[in-house]
Every structure is written in structure tokens, then in C-alpha cells.
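Peer 1: take this sequence and fold it.
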Amino acid sequence: MLDQIEANSMILSEEFNTSVPAVKYGLLYSNAFQLTTNWISTAGWRIPIYATDTFPWYFDPYWKVDLGKKMRDTNIAFWQVGLTATNLMKWNARGSGYRSSAGLFLDGQTDHWFMQWSQAGNISFMYQDYNDSKPNLGTSSYANTRYGLSIRLVRDAIGIADGVTGIYVGNNGRVYRTIVVMEREWLADNLAETKFNDGSLIPVVEDTPTWIADIDQKCCAFDNDWDNV
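Peer 2: Numbering: from 1, shown residues only. Presented below is the predicted three-dimensional model:
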């Protein structure tokens, strides 16, 4: 049955250029997931590691040229005016915004953020703004678990060519499209899971005081609007 669901979902995702059910911007997850990445991903998948998963893009002779454009979804509805895209990477980056440590929703349709481990023992954010040449990187300490960011899971794909597509079945049963880039298989949409991999629910925190006070794993929709997911 799962094989049939996955096959049908692959057809739908290719026809409508989305995961199934459709993902718009995905959910925003607290940084606490950095410390327990295995709680949200299935076996073999992880939150990206800066040094080995994304940093090589910056030096690859092909990908480093106009990397921002090559990562970005070509549908201008997902970005503010002024950004251009080719999406040659088929990575489908979208302006998903983020939630600040003060609980504010910021930079909707401007920045694409996702969590990754950094080399220096901090949390690293990869984000895309008005820079077509390449995305930018910022860091924050592990102690600040109150940011809400997008997640793109990744796994090793050694020996697999760029551009090979696949699927990832999440904890909710949602079927995500995937893309191989530089021997890594990436989710081609932001994560939109409301369950841990043991089936228990990830707390959804909408009100600002609770978001600020709660340092554990949690999630929310941008602007608390589930139409954004």
C-alpha cells in the first residue's frame, strides 16, 4: 500500500510541482530541534551540516555562479518583487520568513531560512535575500532555542548524479519530493511535519509569551496562518 501511495504521490508531485499534500512555505521549527535532529527525521536523514552539506556549493565551479538564482523557485508569488530565479538546482527555495526570539514573524517572502549545524559549535542559518549570486549565512548560539526556522532534511547520496529526483515520506505521511545535489539528497520543499518520528505531536505554539518562554521543541505557521504551510 505504501508503495502505491508513493508512486501515486510521485505522479501528483511532478504534475503540480509540489509535495503531496502540497507544501507552500512549510512550518517554522524552534532551534531546539538542532540538538535532537533524530526526533523529527526518519532513519538516515538529518538536519544539514554546514561544513559538509551546503558549504561545498560555494566552491563548486558550476553551482557557485548565481547560486541564489539557481536555488530559488521560479514562481514569483513566493518572493517579493525584485528577485529573479532559474531554479536550475530544483531546490525550490521560497521566501518562508522566520520567527524571532521575541516571537515576531519577520521577512515573509524575502528570506528563505533553514537550520543547519555549523562548524563553530553554533546554530547556522542559511538565508536568501536580494543577493542573486549566493545565499548568506548567519549564526546564533545553541542557547537561543527560540528562533523559528524552516527545515530541509538531507541524507548522503554518494555516487548519485545531480538532478536525480525521489521522495521522502514524513512522520505525518506527507510525501515530499527530493533532489540530489553534489551527492546529497535534499527535501525539495520545506518540512511541514506536526509529529515527531515516534508519532507523538510536536507542540504548536502560536502566542508570543509561550513561544518566548518555551525552550523545547515546538513549531508554528508563519503569521500563525496555516494557509502559509
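Peer 1: element containing residue 210?
Peer 2: Assigning secondary structure by DSSP states H and E places residue 210 in helix 208-213.
Peer 1: pull the residues that contact that helix.
Peer 2: With contact meaning CB atoms under 8 Å, 6 or more residues apart in numbering, helix 208-213 is reached by 99, 101, 102, 103, 104, 146, 148, 205, 218, 220. C-beta coordinates here come from the backbone N, C-alpha and C atoms, glycine included.
Peer 1: what's the separation between the fifth one and residue 98?
Peer 2: Per CB to CB, to the nearest Å, residue 104 is found 9 Å from residue 98.
Peer 1: show me which of those two is the more surrounded one.
Peer 2: residue 98 (22 against 11; other CB atoms under 10 Å).
Peer 1: tell me the pLDDT at that one?
Peer 2: Per-residue confidence (pLDDT) for residue 98: 88.
Peer 1: equivalent analysis for residue 55, please.
Peer 2: Reading off the confidence values, residue 55 has pLDDT 72.
Peer 1: that one falls within a helix, correct?
Peer 2: Yes - the secondary structure assignment for residue 55 places it in a helix, going by DSSP: H, G, I helix; E, B strand; the rest coil.
Peer 1: please begin residue numbering at 246 from this point
Peer 2: Got it, the first residue is 246 from now on, which makes the last one we talked about residue 300.
Peer 1: any idea how far it lies from residue 350?
Peer 2: As defined by CB to CB, residue 300 lies at a distance of 28 Å from residue 350.
Peer 1: same check, this time on residue 447
Peer 2: Look at residue 447 and residue 350: by CB to CB, they are 18 Å apart.
Peer 1: quick one, helices of this structure?
Peer 2: Listed in chain order, the helices of the chain (DSSP state H) span residues 247-261, 312-316, 453-458.
Peer 1: check those for me: which has the lowest mean pLDDT.
Peer 2: Among those, helix 247-261 has the lowest mean pLDDT, at a mean of 43.
Peer 1: circling back: make CSV out of the contacts of helix 453-458 and add distance to residue 289.
Peer 2: Putting the contacts of helix 453-458 into CSV (distance: CB to CB, whole Å) gives the following:
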residue, distance to residue 289
344, 29
346, 31
347, 36
348, 34
349, 35
391, 29
393, 26
450, 29
463, 25
465, 27
